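Q: structure for this input, please:
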Amino acid sequence: MRNKGYEFELKTVNLDINDFRWETRFNFTHVKNEVTQLLPGQDKIGTAIVVGRPINSILTQQWAGINPGDGRPMWYDTLGNITYQPVARDRKYLDGTLDPTWFGGLTNEFSYKGITLRVFLQLLRRQLPAEPGRAVFFPRRQHGRQEPVRFPMEKVA
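A: So this is what the prediction gives:
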């Protein structure tokens, strides 16, 4: 696997008077990765680890919308035809992964006469592939990580 990116950290002492001290720390990380090789004879492990793609790639059917006549969800098959029951061969990899595009944190630490209060805020941005008419939620865990569940969000006429 190849990882590329950068990490930045900044620490400040905002106030240091008598027995009171206030420090702030901010860090920011941006990383991209690509699976470069697996064991001999392997080009993928499951659907999320594929040579030439970022780890945690998303394999899914291409969304075609909702049938306005009966409200059924529709997908495209490999030939570009609309289907109501997609099969495994119809799936494709989307641009994007389940991993955040960047993440960081902000910590404030207050100390007074040996007593310390630390407040931490974590930030992240997850760039999932955008497809019109979809909302993405992360309510379930599978194999130790959260998996996306996509729901159609178009109005039915």
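Q: who touches residue 50 in this structure?
A: Applying C-beta atoms under 8 Å, 6 or more residues apart in numbering, one finds that residue 50 lies in contact with 35, 43, 44, 57, 93. (Each C-beta comes from the backbone N, C-alpha and C, glycine too.)
Q: could those go into CSV alongside neighbour count?
A: Shown next, in CSV, are the contacts of residue 50 (neighbours: other C-beta atoms under 10 Å):
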residue, neighbour count
35, 20
43, 11
44, 15
57, 21
93, 17
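Q: show me these that map onto strands.
A: 44, 57, 93 (DSSP state E).
Q: of all those, which comes closest to residue 100?
A: Nearest to residue 100, judged by C-beta to C-beta, of the ones in strands among the contacts of residue 50 is residue 57 at 14.5 Å.
Q: per-residue pLDDT, that closest one?
A: What the model reports for residue 57 is a pLDDT of 80.
Q: that one contacts residue 48, doesn't it?
A: Yes: the criterion here is C-beta atoms under 8 Å, and residue 57 meets it with residue 48 at 5.9 Å.
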